[in-house]
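[1] 3D model of this:
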Amino acid sequence: MDDENTPVEQFSAEEYAFLRYVRFGTLPERVRPSEMVEVVATDRPQEVPDQALDAAHWGETGRSL
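    Got it, this is the predicted structure:
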């Protein structure tokens, strides 16, 4: 089968809008600025200690990793 000879269907803007509506439905209401939440920056997570693989350091003596 040759795809080059297949006619390509062209849609109008209204048809595309209808197809988007059928696929996704209606959009939710826009969030108002009074309903927005302020973002608070947090500290960076603690880095993994150098002895992270040392079983004795974590209380697992006798267990090999």
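[2] Would you mind listing the buried residues in stretch 20-40?
    In terms of neighbour count (16 or more other CB atoms under 10 Å), stretch 20-40 has no buried residues at all. Placement of C-beta: from N, CA and C, glycine included.
[3] what's the span of that stretch from first residue to last?
    One end of stretch 20-40 to the other measures 36 Å (CA to CA, to the nearest Å).
[4] pLDDT of that stretch, averaged?
    Stretch 20-40 shows a mean pLDDT of 89.
[5] what's next to it, contact-wise?
    Taking contacts as CB atoms under 8 Å, 6 or more residues apart in numbering, no residue outside stretch 20-40 touches it.
[6] Would you check how far apart Gln30 and Val37 are?
    No, residue 30 isn't Gln; it's Arg. 15 Å (CB to CB, to the nearest Å).
[7] cool, and Phe11?
    39 Å.
[8] same deal with Thr6?
    Using CB to CB, Thr6 is found at 50 Å from Val37.
[9] now Asp43
    Distance of Asp43 to Val37, computed by CB to CB: 19 Å.
[10] What of Val31?
    Plainly put, Val31 is 9 Å away from Val37 if you go by CB to CB.
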